[in-house]
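Student: Curious how this folds, go ahead:
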Amino acid sequence: MTSSAWLQADGSGGGYRPYFNMSSVNHTVGQVRYHGKLQQLQVWDGNVWIGINNNVANINTSQAANEVMIWAQQKMREEQHLQALLNQYPDLRDLQEKFELMKILCQSEEANKHAG
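Tutor: The predicted model follows:
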């Protein structure tokens with residue numbers, strides 16, 4: 001499986017391990033085992049153990065998903081930079097608070113226009 005900066009697949013599960021009944025007669029559908037003699041991963045289908053092909057699965061994200069994640073990272077950096085500026089310059093923080101208040105008032109006025 002290939003990995004990217006955006007998608008990680010592992011079996012850590014935060015320390016959680018699902019319970020499977022390992023009895024030789026009461027298997028769970030979807031249970032996976034390694035058959036040492038055949039050197040093969042197998043999955044239980046409810047009736048028999050079926051060998052898993054040696055094909056490699058690739059998990060990827062779409063171009064659109066990658067673009068969204070890049071945009072989100074850029075926005076996070078911009079917000080961190082803005083927060084640093086607001087912390088450094090009190091007058092800028094005051095203007096930003098006034099801007100947010102004006103934005104709320106304008107949105108409320110727009111909502112009232114559309115409601116009635």
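
Student: alpha carbons only for contacts and neighbour counts from here, please
Tutor: Fine.

Student: which stretches of this protein have low pLDDT?
Tutor: The model of the chain has pLDDT under 70 over residues 1-24, 54-58, 116.

Student: Show me the domain layout of it.
Tutor: 1-60, 63-115 (automatic domain parsing).

Student: would you turn those into TSV with mean neighbour count?
Tutor: Below are the domains of the chain laid out as TSV (neighbours: other C-alpha atoms under 10 Å):
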stretch	mean neighbour count
domain 1-60	11
domain 63-115	12
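
Student: Quick check: residue 94 vs residue 50, distance?
Tutor: 67 Å (C-alpha to C-alpha, to the nearest Å).

Student: now do residue 83
Tutor: 56 Å.

Student: and what of residue 71?
Tutor: Residue 71 is 43 Å from residue 50, by C-alpha to C-alpha.

Student: Tell me where this protein has helices.
Tutor: Taking DSSP state H, the helices of the chain run over residues 63-88, 90-115.

Student: Quick one: the ones you listed as CSV, columns for distance to residue 38 too.
Tutor: Shown next, in CSV, are the helices of the chain (distance: least, C-alpha to C-alpha, whole Å):
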stretch, distance to residue 38
helix 63-88, 40
helix 90-115, 66
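
Student: of these, which approaches residue 30 most closely?
Tutor: helix 63-88 (29.8 Å; C-alpha to C-alpha).

Student: Mind giving me the packing neighbours of that closest one?
Tutor: Here helix 63-88 touches helix 90-115, going by 3 or more C-alpha pairs under 8 Å, 6 or more residues apart in numbering; DSSP states H and E.
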